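Undergrad: any chance you can model this:
(2 chains)
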Amino acid sequence: MNPIAAKQPRDMKKPSKLNRSFLLKLELRSHPTLLCVIRGALGPLMEMLGFSEEHNRAIIRSVDEAVSNIMRHSYHGRLDQPIEVYCNRLERRTNGETEEGVEILLFDCGPAVDTTKLEARPLDEIRPGGLGLHIIRGSMDTVQYKRAGRLNRLRLVKFTRLSKGDCGPTEEKSS
Amino acid sequence: MKISARRVDTSTILDVSGNIDMSNSPEVRKALLRELRDKAVTRVALNLTGVAYIDSSGVASLVEGLKASRESGSRFVLFGLNDSAREVLKISRLLKLFEVYDNETQAIAS
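TA: Numbers count the residues shown, from 1 in each chain, chains lettered A, B, ... in the order given. Here you go, the predicted structure:
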């Protein structure tokens, strides 16, 4: 059993909740040379889901920045630590319109993140570094961090494709 | 990622190809600072025509190059940015900070 599976929180062990719309799972080590592998896997998947080229780039950019942050800040540059990336199809209905999207969950086994440090730095400061979180937030519709048992979980959501559907309450669900 | 330098008149062109991310952005930083700080070249133009992707660590290297150019009184210009590179600079509110040209001819003539 891999290190993350051994520490899975309850919501990762219930496929009926998170995996009903399961599309893709990537397990990788925290080596920066693997970033290109993640980008290479996500591009065709997002294209298949119907995202525009611009949205596709935004999603890839966000996941790349998030995984880079895990490697740098959660694992402090250690190259052999586990990271898991889950991609799920999402559907949301708002005022009779159906929006389809993607939910990307990133898990790592690093220490809990100090959420008070999750603020992006002011962009009027012209200095290198500290841009990753701002890029993620500027590219995705939803960015949520939570400590899930002994894991860090980052949830990224991007919606696209508006289509007419049945009227109903606004809800976000796994399709 | 590959990076190479060539001279055109009084400028140095740094040709980069591949993706710039956390795994190799220090190489970009090193090449930029070598030209701007160590060699004190009057103008360095970074050719990003062959760069498909650049992440925040790559952007940080560009910012370091820009700061080095300001300190040394030289010029640091970019050209050949694709949509992805423009977007990441725009989100970071850095696009207007850099001198950006469409091609090498414009970058050298500027």
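
Undergrad: which residue ranges of chain A form helices?
TA: For chain A, the helices defined by DSSP state H cover A:3-6, A:15-18, A:35-48, A:53-69, A:132-139.

Undergrad: got it, and chain B?
TA: B:25-33, B:56-72, B:83-91, B:104-109.

Undergrad: chain A: which of those is closest?
TA: Chain A lies closest to helix B:56-72 among these, at 3.4 Å (C-beta to the nearest C-beta). Every residue, glycine included, has its C-beta placed from N, CA and C.

Undergrad: give me the buried positions along stretch A:149-159.
TA: A:151-159 (16 or more other C-beta atoms under 10 Å in any protein chain shown).

Undergrad: next, format the residues you listed as CSV and append pLDDT.
TA: Output for the buried residues of stretch A:149-159, formatted as CSV (pLDDT from 0 to 100):
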residue, pLDDT
A:L151, 97
A:N152, 97
A:R153, 97
A:L154, 97
A:R155, 96
A:L156, 97
A:V157, 95
A:K158, 94
A:F159, 90
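
Undergrad: farthest pair in the residues you listed?
TA: A:L151 and A:F159 (25.4 Å; C-beta to C-beta).

Undergrad: quick one on the thing from earlier: got the helices of chain B as a markdown table, with distance to A:L34, mean pLDDT and mean neighbour count columns?
TA: Output for those, formatted as a markdown table (distance: least, C-beta to C-beta, whole Å; pLDDT from 0 to 100; neighbours: other C-beta atoms under 10 Å in any protein chain shown):
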| stretch | distance to A:L34 | mean pLDDT | mean neighbour count |
| --- | --- | --- | --- |
| helix B:25-33 | 15 | 97 | 18 |
| helix B:56-72 | 15 | 95 | 21 |
| helix B:83-91 | 19 | 95 | 19 |
| helix B:104-109 | 33 | 94 | 15 |
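
Undergrad: need the ones you listed in TSV (columns: distance to A:E53).
TA: As requested, the helices of chain B are arranged in TSV below (distance: least, C-beta to C-beta, whole Å):
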stretch	distance to A:E53
helix B:25-33	24
helix B:56-72	20
helix B:83-91	8
helix B:104-109	25
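
Undergrad: mind putting those helices into TSV with distance to chain A?
TA: Shown next, in TSV, are these (distance: least, C-beta to the nearest C-beta, whole Å):
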stretch	distance to chain A
helix B:25-33	8
helix B:56-72	3
helix B:83-91	4
helix B:104-109	21
